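> what follows is a protein structure lacking sequence information:
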């Protein structure tokens, strides 16, 4: 029976819990790589550093250079002593104000003061959409400084027993000035400086764009029909040098290889907005699912994604639904490691 691809349930698959990676491969480029050829649906089992055999001179790797903010901060309610968790998301309209998830939100009315340390207080503010809150810092306190002092790197909920250092949840090319995400662009975790140099030397350069990975990456699709799912807004930007490199690659017949779904959404958002790749910045809610016509990307490096997630829907749109669901089941049978610290796919 033909599956109804408008239904969220069509993107479900069985995943044994032990295949959810708790620690990353060491070194980074020793993770497994499942190569998927879209033309005939054939697959190959390789190691990630073998990606050099599938890229060719004239190709361009496009990467997301965002960095994960140590956004998870714990404090104590000043009146009562109850523990409070604050998950900072992004700066607000005022310098001393941020948007955050606050737990337990229902027990923290507007004006509640939370101590992070002796003499360091923040104030829980107004309720916003999607369960978010404003959080105000005291006059004279620098929010970034305090978040760095008291914050922890927010690992995904399915990583419950890891030995990895926080820096291992950052790509080697993440930029300090782009520290604005609450989750890593995990497809890039497999690259090492040496592998990037090798690729550049063989005529495969790389360019950087930025998408600030937001709260939506943790939100499951709850609607029965995928058309009813609302994507959260995420900010993305393409600098002039990256726009020029992407356009030149396309003009010369090379392939634009997206390193991760965040890059796909950035490039395709710009193409939809402007008809081509131009330098600039925009906010996107682009939701890619089967039937979408890709305008920019020619190949994709990506990890294995959660069942019934928007990311699996995107990958199914690019690789073909039947092919990708078969490949996912094949990956389970072959004991590939899944999700953020797991193995990788190259879909060409």
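In hand now; what should we look at? Just so we're clear, the structure is a prediction, and the values are computed from it rather than from any experiment.
> low-scoring stretches of the chain, by residue?
Counting by pLDDT under 70, the ranges of the chain that qualify are 1, 218.
> can you show me the helices along it?
Here the chain has its helices, by DSSP state H, at 143-150, 193-201, 240-251, 261-274, 310-319, 321-333.
> who wins for proximity to residue 20 among the ones you listed?
Nearest to residue 20 among the helices of the chain is helix 321-333; the distance by C-beta to C-beta comes to 11.3 Å. C-beta: built from backbone N, CA, C; applies to glycine.
> what are the buried residues along the closest one?
By neighbour count with 16 or more other C-beta atoms under 10 Å, helix 321-333 contains the buried residues 321, 323-325, 327-328, 331-332.
> identify all contacting residues around it.
Residues from elsewhere that reach helix 321-333 (C-beta atoms under 8 Å, 6 or more residues apart in numbering): 3, 5, 10-11, 13-16, 19, 34, 36, 38, 41, 43, 290, 304, 312, 315-316, 319, 338, 343, 345.
> and the gap between residue 148 and residue 204?
35 Å (C-beta to C-beta, to the nearest Å).
> settle it for me: which of these two has more neighbours?
Higher neighbour count among residue 148 and residue 204: residue 204, with 21 against 12, using other C-beta atoms under 10 Å.
> that one contacts residue 62, correct?
No - under the criterion of C-beta atoms under 8 Å, residue 204 makes no contact with residue 62, lying 11.4 Å away.
> outline the domain layout of the chain.
Per automatic domain parsing, the structural domains of the chain span 8-68+163-347, 72-150.
> which residues touch residue 117?
With contact taken as C-beta under 8 Å, 6+ apart, residue 117 is in contact with residue 150.
> now the domains of the chain in TSV, with distance to residue 156?
As requested, these are exported to TSV (distance: least, C-beta to C-beta, whole Å):
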stretch	distance to residue 156
domain 8-68+163-347	5
domain 72-150	12
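> single out the most deeply packed of these.
Greatest average neighbour count among the domains of the chain goes to domain 8-68+163-347 (a mean of 18), per mean count of other C-beta atoms under 10 Å.
> quote the end-to-end distance of it.
Using C-alpha to C-alpha, to the nearest Å, the end-to-end distance of domain 8-68+163-347 comes out at 23 Å.
> that older thread, just the ones of the contacts of helix 321-333 in strands?
34, 36, 43, 345 (DSSP state E).
> can you tell me which of these is nearest residue 96?
residue 345 (43.3 Å).
> quick check: the closest residue to the closest one other than its chain neighbours vs residue 49, distance?
Excluding the flanking residues, the one nearest residue 345 by C-beta to C-beta, 6 or more residues apart in numbering is residue 34, at 4.8 Å. When distance is defined by C-beta to C-beta, residue 34 is 14 Å away from residue 49.
> do the same with residue 342
According to C-beta to C-beta, residue 342 and residue 49 sit 16 Å apart.
> what of residue 71?
To residue 49, residue 71 is 32 Å away according to C-beta to C-beta.
> got it, and residue 30?
In this view, residue 30 and residue 49 are 7 Å apart by C-beta to C-beta.
> quick check: neighbours shared by these two?
Between them, residue 30 and residue 49 share no contacting residue, judged by C-beta under 8 Å, 6+ apart.
> okay, and the beta partners of residue 67?
With DSSP bridges applied, residue 67 shows beta-bridge pairing to residue 179.
> give the contact list for it.
Counting by C-beta under 8 Å, 6+ apart, residue 67 has contacts 170, 174-176, 178-181.
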